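> what's the 3D shape of this:
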Amino acid sequence: MSKVLIEKTIVASEQWKSFFNQGNAEGCASMYEKEAQMVAKPFGLFQGRERIQAFWKNLVAQGFSDVTYLNTKIEAIDDSSTVLSSHWEMNNAQGVITRELWVLQDDGTMRLREDHFEAIDPNAK
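Modelled structure (predicted):
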């Protein structure tokens, strides 16, 4: 089962990245559970799909795009969930995903229940 969950997580993560790179904040938000929690450092805590969508809409409106993940790790933690961690880069930002908790839904898809990431200033010392 863990191999299937990891494959489903890869598909879901690729879909999220595709939505983001298309500038589709609603699509990004659709990849989260309704009551999901996103902790985006240094921006804050965003509870629920509506607030998460507003965050992504604002980011897209500022011209952020072209996200890619580097050194991605996905681990099945039980029979219905995985944790993804990764470095990420986009056109004018970079950072690290410390924990994306993907959970298998009743319809067989994976959705984010938790999303913890950080934007890192490349010029910070």
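> so where's the chain shaky on pLDDT?
122-125 (pLDDT under 70).
> what about 90?
For the chain, applying pLDDT under 90 flags the ranges 1, 92, 121-125.
> need the contact partners of stretch 53-70.
With C-beta atoms under 8 Å, 6 or more residues apart in numbering as the test, stretch 53-70 has contacts from 13, 17, 20-21, 23-26, 28-29, 38, 40, 43, 46, 86-93, 97. For the C-beta atoms, the positions are set from N, CA and C on the backbone; glycine is no exception.
> what is the end-to-end distance of that stretch?
With C-alpha to C-alpha, to the nearest Å as the measure, the ends of stretch 53-70 fall 24 Å from one another.
> ok, back up a step: would you mind giving me the ChimeraX syntax to select the buried ones in the contacts of stretch 53-70?
Buried subset of the contacts of stretch 53-70, written as a ChimeraX selection, criterion 16 or more other C-beta atoms under 10 Å:
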select :13,17,20,21,23,25,28,29,38,40,46,86,88,90,97
